[in-house]
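# dropping the sequence and predicted coords here.
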Amino acid sequence: MSSVSEGRIPDSPVRSVTRGPVRAALRADDGTWIEAVYDPCTPDDGAGGPAGDPGTVIVVAHGFTGSADRPAVRRAVRVFSRYAAVVTFSFRGHGRSGGLSTVGDREVLDLAAAVDWARSLGHRRVVTAGFSMGGSVVLRHGALYPAGADAVVSVSAPARWYYRGTAPMRRLHWMVTRPAGRLVGRYGFRTRVHHRAWDPVPLSPVGAAARIAPAPLLIVHGDRDPYFPLDHPRMLAAAAGDAAELWLERGMGHAENAADETLLTRIAGWAVRA
């Protein structure tokens, strides 16, 4: 598989819509078909809740083995849609999308297609919010597509590639790099993984974080994350400098499965204010 260093965001075949949710098939720049879902902003300001910002759309990038329809992702949609419209999608090799997962490399094309679709629906402002693998992808997208997102939220992301310092990451590497592991991924986790190694190695998350400014960047990480210890978010924040805000969440585990409604509400509030 080849790394993506630059590229044109593909034209969306979907016309602007005002009501939802709406499902679409998007084509990434390399021809891979990606399933996507649009949920309009549904503020509950009449009940004393948030007023919402229908001009903003939050594009959600799930973690490895996730999909647009996983319960944790749909929970995030329910919270985010009180504040803004939401686009979710399944990365290649996940859910109903085509292709094979490259575990964060060519997935930047999938996110670019989703962002382009979000803009085609008439939204003036796009915020990308990614979890774990998706968190690394939104960082690279922010660096490689400087006009793509107006603000970036990265949750539970690694700072560097090939990290094997925790037991969950050693298991993940086995699943990605070994034939038996890829079978487990396909049939146990419904995730189809490409067998080829990265060549060349894509821009690292910490390298990408340094290139996102002037767009605002929010880095969120739990102090009980079993995959990546706290040196990862601290490295990302240090690389981003003044453009980044770092939230270290007490008691939080990993990614979208550990993000409760309170945290998601805070993230949504940051997204519409940033």
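In hand now; what should we look at?

# helices of this structure, residue ranges please.
71-80, 107-120, 133-144, 167-177, 179-188, 205-209, 231-240, 255-258, 261-273 (DSSP state H).

# ok, which of the ones you listed comes nearest residue 65?
Comparison of these against residue 65 by Cβ to Cβ identifies helix 179-188 as nearest, at 7.3 Å. C-betas here are computed from N, CA, C, even on glycine.

# packing partners of that closest one?
Packing partners of helix 179-188 (3 or more Cβ pairs under 8 Å, 6 or more residues apart in numbering; DSSP states H and E): helix 167-177.

# run through who's touching the helix it packs on.
Contacts to helix 167-177, defined as Cβ atoms under 8 Å, 6 or more residues apart in numbering, come from residues 64, 103, 162-164, 181-182, 184-185, 189, 193, 197, 226-228, 254.

# let's see that with 6 Å instead.
Helix 167-177 is contacted from outside by 103, 163-164, 181, 184-185, 193, 226-227, using Cβ atoms under 6 Å, 6 or more residues apart in numbering.

# now do stretch 248-261
The contact list for stretch 248-261 (Cβ under 6 Å, 6+ apart) reads 63, 72-73, 76, 79, 131-132, 156, 221-227.

# where are the low-confidence patches of the chain?
Residues of the chain meeting the criterion pLDDT under 70: 1-20, 45-51.

# so what would you say the end-to-end distance of stretch 102-110 is?
End-to-end distance of stretch 102-110 (Cα to Cα, to the nearest Å): 11 Å.

# ok, residue 146 - contacts?
Residue 146 sits next to no residue when contact means Cβ under 6 Å, 6+ apart.

# separate out the buried members of the contacts of stretch 248-261.
Using 16 or more other Cβ atoms under 10 Å as the burial test, the contacts of stretch 248-261 include 63, 72-73, 76, 79, 131-132, 156, 221-222, 225, 227 as buried.

# adding distance to residue 33, write the residues you listed out as a markdown table.
Formatted as a markdown table, those follow (distance: Cβ to Cβ, whole Å):
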| residue | distance to residue 33 |
| --- | --- |
| 63 | 21 |
| 72 | 24 |
| 73 | 19 |
| 76 | 23 |
| 79 | 28 |
| 131 | 22 |
| 132 | 23 |
| 156 | 27 |
| 221 | 32 |
| 222 | 33 |
| 225 | 32 |
| 227 | 29 |
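
# returning to that earlier point: hey, which of the helices of the chain is tucked in deepest?
helix 133-144 (a mean of 29; mean count of other Cβ atoms under 10 Å).

# and that one, what does it pack against?
Helices and strands touching helix 133-144, by 3 or more Cβ pairs under 6 Å, 6 or more residues apart in numbering; DSSP states H and E, are strand 56-61, helix 107-120, strand 125-131, strand 151-155, helix 205-209.

# export these to CSV and tack on distance to residue 31?
Formatted as CSV, the helices and strands packed on helix 133-144 follow (distance: least, Cβ to Cβ, whole Å):
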stretch, distance to residue 31
strand 56-61, 20
helix 107-120, 10
strand 125-131, 22
strand 151-155, 26
helix 205-209, 24
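
# residue 143: which of those is closest?
Per Cβ to Cβ, nearest to residue 143 of those: helix 205-209, 3.9 Å.

# so which elements touch the closest one?
Using 3+ Cβ pairs under 6 Å, 6+ apart: helix 205-209 touches helix 133-144, helix 231-240.

# residue 109 reaches residue 27, doesn't it?
No: contact criterion Cβ atoms under 6 Å: residue 109 and residue 27 do not qualify, at 9.7 Å.

# for residue 124, what are phi and psi?
Residue 124 adopts backbone torsions of phi -80, psi -10, taken as degrees, to the nearest 10.

# look up how far residue 230 lies from it.
Separation of residue 124 from residue 230 (Cβ to Cβ, to the nearest Å): 36 Å.

# widest-spaced pair of the buried ones among the contacts of stretch 248-261?
Within the buried ones among the contacts of stretch 248-261, two members stand farthest from each other by Cβ to Cβ: 79 and 227, at 22.8 Å.
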